[in-house]
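Undergrad: here's a sequence, model it:
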Amino acid sequence: MAVLVITGTGTEVGKTIATASVAAAAVAAGRSVAVLKAAQTGVRPGEPGDAQEVARLAGAVTTAEVARYPEPLAPATAARRAGRAAVRPRDVAEAAAKLAAEHDLVLVEGAGGLLVRFDEAGGTLADAAQLLGAPVLLVASAGLGTLNTTELTARELRAREVELLGVVIGSWPDSPDLASRCNLADLPVVAGAPLLGALPAGAGGLVPTDFRAAAPGWLAPRLHGTWDAEAFRGREAG
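TA: As a prediction, the model looks like this:
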């Protein structure tokens, strides 16, 4: 796996912190890592974006952006309002392929969910994943409503014949409610893919050294971690 595309079931589900966790675990395992933000919105020139936040938390990773736009909108809308060229899926795929020639692992972080539009032609992160032939990691929320958005995303990936590597819960609460506890069993069923991790709520607020030390414990071995889904489910859902 040279390239892994990371998307969310929507905004504010913990996608950037999950990307940082995957990067930190891979770096700890001795892999060279690059993080590519497909389209950074809501950030002005000179301000740190999501890729820089990943580097702050994960450590020695290469960062890159295909484009950035100042307003916090969908990339196609943000590009149009800024009067700038939009990001095309091919732009994302070409940038990722270039980074993959120089790194063991390239993490491509999307903007929002899988089908958020990059350009006026309707290009999306899903199109970029198809061009790359890369698997997708889906970051989902823990609680009520997550099953619907997770299954919709999984169905779209299957229709496109793009591999869904697994699901990571972007923020696991300190005191999970009934829906969250039940979702530990239900998420892999609706996704048709394994649960590959659960990040504790507030993980992004840790100091970087603590974040890097803890990250492998939040992720399954498939993502260079030590997290065990069955043990976690037994402890949290029991």
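
Undergrad: switch to C-alpha atoms for all contacts and neighbour counts from now on
TA: OK.

Undergrad: pLDDT below threshold where in this structure?
TA: Within the chain, the stretches with pLDDT under 70 are 238.

Undergrad: go again using 90 as the cut-off
TA: Scanning the chain for pLDDT under 90 picks out the ranges 1, 11-12, 44-46, 112, 237-238.

Undergrad: which residues of it fall in strands?
TA: 3-8, 33-37, 40-41, 62-65, 68-69, 105-113, 136-140, 164-172, 195-200 (DSSP state E).

Undergrad: what are the pairing partners of the first one, and which direction each?
TA: When you say that, I think you mean strand 3-8. strand 105-113 (parallel), strand 136-140 (parallel) (DSSP bridges).

Undergrad: could you count how many residues lie near the nearest residue to residue 79 once chain neighbours are set aside?
TA: Spatial nearest neighbour of residue 79, excluding adjacent residues (C-alpha to C-alpha, 6 or more residues apart in numbering): residue 86 at 5.3 Å. When neighbours are counted by other C-alpha atoms under 10 Å, residue 86 registers 25.

Undergrad: phi and psi next, for residue 86.
TA: The phi/psi pair for residue 86 (degrees, to the nearest 10) reads phi -80, psi 160.

Undergrad: please report the distance of it from residue 10.
TA: 21 Å (C-alpha to C-alpha, to the nearest Å).

Undergrad: tell me the most buried of the strands paired with strand 3-8?
TA: Comparing the strands paired with strand 3-8 by mean neighbour count (mean count of other C-alpha atoms under 10 Å), strand 136-140 comes out on top with a mean of 27.

Undergrad: who's in contact with residue 169?
TA: Taking C-alpha atoms under 8 Å, 6 or more residues apart in numbering, we find residue 169 in contact with 139, 140, 141, 142, 197, 198, 199.

Undergrad: then residue 211?
TA: Contacts for residue 211 (C-alpha under 8 Å, 6+ apart) come out as 21, 57, 58, 203, 204.

Undergrad: among those, which pair sits farthest apart?
TA: The largest separation in those, counting by C-alpha to C-alpha, is between 58 and 203 at 12.0 Å.

Undergrad: between those two, which has more neighbouring residues?
TA: It is residue 58, of residue 58 and residue 203, that has more neighbours when counted by other C-alpha under 10 Å, with 27 against 22.

Undergrad: count of neighbours near the closest residue in space to the more buried one that isn't next to it in sequence?
TA: Here the nearest residue to residue 58 in space, its sequence neighbours aside, is residue 24; by C-alpha to C-alpha, 6+ apart that works out to 4.4 Å. Using other C-alpha under 10 Å, residue 24 has 30 neighbouring residues.

Undergrad: my guess is residue 24 meets residue 216, correct?
TA: Yes. Contact criterion C-alpha atoms under 8 Å: residue 24 and residue 216 qualify, at 7.5 Å.

Undergrad: can the strands of the chain go into JSON lines with extra columns for distance to residue 178?
TA: Shown next, in JSON lines, are those (distance: least, C-alpha to C-alpha, whole Å):
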{"stretch": "strand 3-8", "distance to residue 178": "22"}
{"stretch": "strand 33-37", "distance to residue 178": "35"}
{"stretch": "strand 40-41", "distance to residue 178": "35"}
{"stretch": "strand 62-65", "distance to residue 178": "39"}
{"stretch": "strand 68-69", "distance to residue 178": "39"}
{"stretch": "strand 105-113", "distance to residue 178": "25"}
{"stretch": "strand 136-140", "distance to residue 178": "17"}
{"stretch": "strand 164-172", "distance to residue 178": "13"}
{"stretch": "strand 195-200", "distance to residue 178": "16"}
